[in-house]
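Chemist: A structural model of the following input is requested.
(one chain, ligands or ions: 1)
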Amino acid sequence: MSRLIVVSNRVSAPKDPAAGSAGGLAMALSAALRKYEGLWFGWSGETVEHFTGELNIEDRAGVAVATVDLEPQDVDEYYNGYANKTLWPLFHHRIDLTAYERSYGEGYERTNRRFAEVLQPLLQPDDVIWIHDYHMIPMARDLRRLGVKNRIGFFLHTPWPARQLLVTLPHHRRLVESMFDFDLLGFQTREWLGLFQRYVEVEAGGKVRADGRVEAFGRSVQTGAFPIGIDVDGFLAARDSPLGRRTYDRMSASAAFRSMIVGVDRLDYSKGLEQRLLGYEQFLEDNPQLRSEVFLLQVTPISRDEVDTYQDMRVRLEALAGRVNGAYADMDWQPIRYLNRTFRRDQLAGIYRAAKAGLVTPLRDGMNLVAKEYVAAQDPEDPGVLILSRFAGAAEQMGEALLVNPFSREELSEAIQKALTMPREERIRKWKALMKVVRDTDVARWRDDYVQALMAASQSKEGSH
Ligand code: G6P
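Modeler: Presented below is the predicted three-dimensional model:
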């Protein structure tokens, strides 16, 4: 049996899976790695003065993990720079925030080459390599240059941008051309897949075949949509664990008969947090009779805090939360509880279950698993309502949610009002339809579909490298 090699910038294999803090993706990939006796390779998150390529090898609960330290300049140019100041905003439709600096592109290419050089000696001929996300787009090309003939797949967790935006990136063709060194390109949704294919047709004069194989640059690559899901059983077990239940009780008691609305997002401009708070403020304004009957719990762990756009946004969000609270709070009620911290998975599950509405309103998002977790956590007899941005990848599958345009504070206000007053039968009907999707497309299905497609894609490409 072939080994599976997972490659990602951040290696999230949990040290202690029982601790309950790991996400579904980390658990699913860890389970696959145990099954295929594989290896998870990526950046250690640490820096070293001069790059040595020395590997840190450890066993994390039966999963072999190999990481490498990077130089401060790599972290600046590759991680903070090209990955998070160039590709991330561009892929999330924010060309106003996108930095187009040559040094970032050079650092990105150098660091990808370094990853390839360190990984190559670890590979065996039968290994199947699965590379994740925008940090590592050119890595297949670098591996091929080192003579690697193995099957290599790529999965993009973020959206793929519209062609009109992608062409603002200097050397966009070079980046896309490097993707043809993979055997399979996976996207979260048909929409992102379609945008990629359209780029190839228009900018590279390529062809898209009916089976998803895309031809351009004198080569071809298989493409497909593989919507990621959550570990449903694991999440339900977390919800029903002692801490999950205790958190639910604690939140219910703390709500004191008020309806809790919940939002959980990394601090990121793509999540639409400012627009969400403005929409919620509009709701308070529009519904004086409901005003003191609700509160919003917004859980927002700090992210990428070395990047200035994130620092700026943090300040703006704090001011906004403070302003709304100052304007509307009463002596025994505060409309927004804003928290910059993380919670364990079991606690989150308890929080979601206690919330009457889940506000998942990104301006652009590859998929968004909070939407799926919120649904999974609900009480089937008395479920809460999911309010979901139509610009999240999840909206392609979750049409039974209350779909909103997150840029419109009026739409947000109306959706909150509708969610909080929705009759129980309607809530149950919607929840059942959503829960079926969440169950049918869970993370194990995503993983297995992808790996199977990668095996099949490489067969039809045999001999083409
Ligand atoms: C998104 C990306 C991931 C990334 C995560 C956290 O979900 O798709 O690749 O790991 O954000 O971001 P960070 O920069 O902290 O790794």
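Chemist: Which secondary structure element of the protein has the lowest mean pLDDT?
Modeler: helix 24-35 (a mean of 81; mean pLDDT, DSSP states H and E).
Chemist: And the contacts of that one?
Modeler: Residues outside helix 24-35 that contact it (CB atoms under 8 Å, 6 or more residues apart in numbering) are 4, 6, 12-14, 17, 22, 38-40, 60-64, 228-231, 234-235, 369, 373, 443-444, 446-447, 451. Every residue, glycine included, has its C-beta placed from N, CA and C.
Chemist: could you measure the closest residue to the ligand within the stretch 351-465 of the chain against G224, distance?
Modeler: Residue of the stretch 351-465 of the chain nearest the ligand, by CB to the nearest ligand atom: G366 (6.4 Å). Going from G366 to G224 by CB to CB, to the nearest Å gives 15 Å.
Chemist: Look at these two and report which has more neighbours.
Modeler: Between G366 and G224, G366 has the larger neighbour count (other CB atoms under 10 Å), namely 26 against 19.
Chemist: In contact with the more buried one, which residues?
Modeler: Per CB under 8 Å, 6+ apart, neighbours of G366: 156-159, 188, 192, 393.
Chemist: Mind doing that once more with 10 Å?
Modeler: Each residue near G366 by CB atoms under 10 Å, 6 or more residues apart in numbering is listed here: 91-92, 133-134, 155-160, 187-189, 192, 227-228, 270, 392-394.
Chemist: if you look at these, which of them are in strands?
Modeler: Among the contacts of G366, the members falling in strands (DSSP state E) are 155, 187.
Chemist: Tell me how many other residues crowd S8.
Modeler: By other CB under 10 Å, the burial measure for S8, its neighbour count, is 21.
Chemist: That one touches G45, doesn't it?
Modeler: No - between S8 and G45 there is no contact under CB atoms under 10 Å: 11.8 Å.
Chemist: what's the helix or strand for Y104?
Modeler: helix 102-119 (DSSP states H and E).
Chemist: Could you pull up the contacting residues of W88?
Modeler: Per CB under 10 Å, 6+ apart, neighbours of W88: 82, 94, 97-98, 133-135, 158, 268-270, 304, 307, 309.
Chemist: Out of these, the closest to the ligand would be?
Modeler: Using CB to the nearest ligand atom, the contacts of W88 come closest to the ligand at D133, 4.1 Å.
Chemist: Skipping adjacent residues, who's closest to that closest one in space?
Modeler: Distances taken as CB to CB, 6 or more residues apart in numbering place H157 nearest to D133, at 5.0 Å, with adjacent residues excluded.
Chemist: Can you report how many residues lie near the one you found?
Modeler: So H157, with other CB under 10 Å, has 18 neighbours.
Chemist: Roughly how far does it sit from D265?
Modeler: Applying CB to CB to H157 and D265 gives a distance of 15 Å.
Chemist: which of the residues in the longest helix along the chain are buried?
Modeler: Counting residues, the longest helix found in the chain (DSSP state H) is helix 308-328. Across helix 308-328, burial judged by 16 or more other CB atoms under 10 Å covers 309-310, 313-314, 317, 320-321, 324, 328.
Chemist: who in the stretch 301-450 of the chain is up against the ligand?
Modeler: Within the stretch 301-450 of the chain, the positions adjacent to the ligand are 303-304 by CB under 6 Å from any ligand atom.
Chemist: Need the nearest residue in space to Y374, chain neighbours excluded.
Modeler: Nearest to Y374 is G358, by CB to CB, 6+ apart, at 3.6 Å.
Chemist: meant to ask about L386
Modeler: Leaving out its chain neighbours, the residue that sits closest to L386 by CB to CB, 6+ apart is A401, at 4.1 Å.
Chemist: Count the residues that sit near that neighbour.
Modeler: Neighbours of A401 using other CB under 10 Å come to 28.
Chemist: Is it in contact with A394, as I believe?
Modeler: Yes - between A401 and A394 a contact is recorded at 8.1 Å, counting by CB under 10 Å.
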